[in-house]
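*Asks:* Below are the sequence and a predicted model for it; my questions follow.
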Amino acid sequence: MTVTLNHCLGLAAVIFVTGMAGFIVRRNAIVMLMCIELMLSAVNIVFAAFARQHADAGGHVFVLMNFAVAAAEAAIGLAILVEIYRRRRTVDVDELKTLME
Amino acid sequence: MHSPETQTVVQESLLRWIVLLPLLGAAINGLLNRRLPRAAAGAVACGAVGLSFVLSVVAFLRLAALPAGERLLADIVAPWLGYGPLRVDIGFALDPLSAVMALVVTGVGLLIHIYSLGYMSHDKGFQRFFTYLNLFIFSMMTLVLGENLLMLFVGWEGVGLCSYLLISFWFNEEANAAAGKKAFIVNRVGDFGFLIGTFLLGVTLLPHLEPGEGLFSFRVMQHHAHVLAPVATVIGLLLFVGATGKSAQIPLYIWLPDAMAGPTPVSALIHAATMVTAGVYMIARMNFVYVLAPTAMEVVTIVGAATAVLAATIATTQNDIKRVLAYSTVSQLGYMVMACGLGAFAAGIFHVMTHAFFKALLFLGSGSVIHAMSGEQDMRVMGGLAKKLPITFWTFLAGTFAIAGVFPLAGFFSKDEILWKAFSSDGGGVALWLVAFLVAGLTAFYMMRLVVLTFHGTNRASQEVRHHIHESPLSMTLPLVVLAVLSVAGGWIGWPAFLGGSNHFEHWLAPVFADGGHGAAAAAHHGGEALAHGAAAAHGAADHAGDHGHVALERGLAAASLAWGLLGLSLGYLVYSRRTKVADTMRGLAGGWPYRILLNKYYVDEAYDGAIIRPGFRFSRTVLWKGVDAGVIDGLLVNGSALVVAVIGSLLRLLQNGLVRFYAWSFTVGVAVFVVYLSLKG
């Protein structure tokens, strides 16, 4: 059995929805960051799949760029979380609503 | 000047200085105020007006040197408005009519400035007073010398403002401030009519102008007067509404008696000699419109005559010395307006001039009396002042005889000319003559009553006041003497033909008013309404001694009015000095009702209060304040819009709950809805 475009898109959809659902239902900020990584990975899979489909290296370029963006985002996000934890002793996002209204 | 007429116009840049010098004086006094010593402030104010007077005389002499038909000096300073065909200049013009007014205003104004040096010498607001006086002279000269109707209007509003400032000069007392407000508001009512009339005139005239012609320039308007014929009646009446405000005619005369709240020199300057004549001057200036509007002329005549009677009857019962003079002024203004209504513009202006002399004299005399009586104005506590104030008494007597029309004093000539026009003009007749005749007798009577109550008999004031009675200083008596001389001799320049004179005054003014007749004839020629009456009225104005066949009749009428005036004077003397019981009987006549009605000025103020002011207040309070302002503007518009924003905001704030997961959820749902929408749309 060969891996077709649809297989790749299906896998990507499953991963993306898992990440999205996790981001919505979980309250732990670290888990939410991990869910964001999941969604980004799903997008990477889609890029790679279409790059192969169209025989176009542009998609691969975007995958590489996404890695960089995801790494930066994770680094900054984790740094913020560490700082929040030091001040508030919690990373539960439902309790972090000082900026409401 | 921009007129196609062949008449040459001499440019004379002297004119602007006549107007600007008093403004300069006002600026110096007004800006430096108390930093300026009193002597310097007085010198600046009097110097400015004095120079203005000298320049007026020079300009007058230059004007007189021109041939009779070409007497016009102009000084266009700068363009004011210039939009397409609409063009108005800032400029001044001197013709025989404005020359007379300029000399009277600056001359009498100068005397009153000098008088004020003495009268106001102890007042805290000395510099402020002279600022206002100079500002007034500036406004009045703008009004008189203005080259076009808009310049006239600038001066017209300026004198209204100065009147307000000077009436409420002693603003610490609420009554004075109220009197100032009353004058200003009543005048605004009149000005509204004036403005509407001006607009109508402009709109009518604008399409007919040739390039370069100033829209409201008097010469241009006169040149094109015939196109105004269809709307002349409306314009005439609207402008007359303005005149009833300024010149204190029915129904807007009510402010003038209250205006006596101001310092006495102000009463003399503004409310007797100059400003109140603005309406008469305006009617005379716009004669070319009025001769096209017989109906408007009739209204002017009737209002003038009615005002003369009404004010004269009120004057017979008042006890405040200045109030008697105020009603006398209203009555005399009625004469002038009536003369203008009859087309006898020259006679009206002649009376403006002589009245300026003797009424300024009478007011300044009363000021001298009030000064001596330590501020008392009630004649019932005066009396016996003749010996203590000899100069004031004799000059006052001269003014009284002048206003009563005793030959050969100034008032005789001007009043007799008006009486004759009332009798002989097409718009007049025996009935009108009788009314004017009655007023002349009443005038003599109440003026003699005033003189007797003030100067005759024994003093009825308290010991303390009596102790202080003294003749006024030279700065006050000198203007009295000069004005007394003018009151005696000022009428001689209008010595009528039927008494062997040649009436220089009317000849001098004839070119101004002859053109009015010319305009009427042109209108008839242009196929407008026949307007025979208007043309005839203008003809009557230009016609000097009247028909020669009437000389005997004219002499007879003059003798009758002289006898009638003397009778009024004698009656006034007898009733109030010898037979005081007669006065008591007259007061008690018919249950005292006629007396009470007159004493309360026909309850006109009360009627205005009940018919206009109170309903106005009620309407303002219930409808305008509580309904429109509080209800619609505050309630519906301001609070209503705030309420809408608040409701929307309180709904939107529910979304801002600070839960990141809720935001993510909304975001997801939003994207889902968008995707579904796009895919369904196909």
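*Replies:* Sure thing, it's come through. Numbers count the residues shown, from 1 in each chain, chains lettered A, B, ... in the order given.

*Asks:* Need the residues that contact stretch B:606-623.
*Replies:* Under the criterion CB atoms under 8 Å, 6 or more residues apart in numbering or on different chains, residues B:254, B:600 lie in contact with stretch B:606-623. The way it works is simple: take the backbone N, C-alpha and C, and place the C-beta from them, glycine included.

*Asks:* Give the buried residues for it.
*Replies:* Of the residues in stretch B:606-623, none count as buried by neighbour count, 16 or more other CB atoms under 10 Å in any protein chain shown.

*Asks:* same thing with stretch B:28-43?
*Replies:* Buried residues in stretch B:28-43 (16+ other CB under 10 Å): B:28, B:29, B:30, B:36, B:41, B:42, B:43.

*Asks:* For the fifth one, give me its contacts.
*Replies:* The one in question is residue B:41. Contacts of residue B:41 by CB under 8 Å, 6+ apart are B:29, B:32, B:126, B:127, B:130.

*Asks:* between these, which is closest to residue B:674?
*Replies:* Distance to residue B:674, by CB to CB, is smallest for residue B:32 among the contacts of residue B:41, at 76.1 Å.

*Asks:* in the chain, what spans have low per-residue confidence?
*Replies:* Because you didn't say which chain, this covers chain A. A:100-101 (pLDDT under 70).

*Asks:* was after chain B, sorry
*Replies:* For chain B, the ranges with pLDDT under 70 are B:1-8, B:514-549, B:579.

*Asks:* Show me the longest strand that occurs in it.
*Replies:* strand B:73-83 (DSSP state E).

*Asks:* Provide the contact partners of that strand at residue level.
*Replies:* B:1, B:9-16, B:59, B:62-63, B:87-95, B:147, B:150.

*Asks:* Run the chain-centre distance for it.
*Replies:* Relative to its chain's centre, strand B:73-83 lies at 26 Å (CA atoms, centre = their mean, to the nearest Å).

*Asks:* Buried residues of it, list them for me.
*Replies:* B:73, B:74, B:75, B:76, B:77, B:80.

*Asks:* hang on, the earlier thing: wait, which of the buried residues of stretch B:28-43 is closest to residue A:84?
*Replies:* residue B:30 (70.4 Å).

*Asks:* Spatially central residue in chain B, please.
*Replies:* Centroid-nearest residue in chain B, with CA atoms, centre = their mean: residue B:276, separated by 2.2 Å.

*Asks:* Can you give me the separation between that residue and chain A?
*Replies:* 69 Å (CB to the nearest CB, to the nearest Å).

*Asks:* can you put the contacts of residue B:41 in CSV and add secondary structure?
*Replies:* Shown next, in CSV, are the contacts of residue B:41 (DSSP: H, G, I helix; E, B strand; the rest coil):
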residue, secondary structure
B:29, helix
B:32, helix
B:126, helix
B:127, helix
B:130, helix
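
*Asks:* For these, work out which two are farthest apart.
*Replies:* B:32 and B:126 (12.2 Å).

*Asks:* Which one of the contacts of residue B:41 is nearest to chain A?
*Replies:* Closest approach between the contacts of residue B:41 and chain A, by CB to the nearest CB: residue B:32, at 60.7 Å.

*Asks:* near chain B, which residues of chain A?
*Replies:* Within chain A, the positions near chain B by CB under 8 Å from any CB of the partner chain are A:20, A:23-25, A:27, A:32, A:93-94, A:96-101.

*Asks:* Give me the buried subset of the residues you listed.
*Replies:* A:20, A:23, A:24, A:27, A:32, A:93, A:96.

*Asks:* okay, these in a markdown table with secondary structure and distance to residue B:266 next?
*Replies:* Formatted as a markdown table, those follow (DSSP: H, G, I helix; E, B strand; the rest coil; distance: CB to CB, whole Å):
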| residue | secondary structure | distance to residue B:266 |
| --- | --- | --- |
| A:20 | helix | 89 |
| A:23 | helix | 87 |
| A:24 | helix | 86 |
| A:27 | coil | 87 |
| A:32 | helix | 87 |
| A:93 | helix | 82 |
| A:96 | coil | 79 |
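
*Asks:* which residues sit in contact with residue A:75?
*Replies:* So residue A:75 contacts nothing (CB under 8 Å, 6+ apart).

*Asks:* Against residue A:20, how distant is it?
*Replies:* Counting by CB to CB, to the nearest Å, the gap from residue A:75 to residue A:20 is 22 Å.

*Asks:* quick one: buried residues of the longest helix seen in chain A?
*Replies:* Determined from DSSP state H, the single longest helix within chain A is helix A:58-88. Across helix A:58-88, burial judged by 16+ other CB under 10 Å covers A:59, A:62, A:63, A:70, A:77, A:81.
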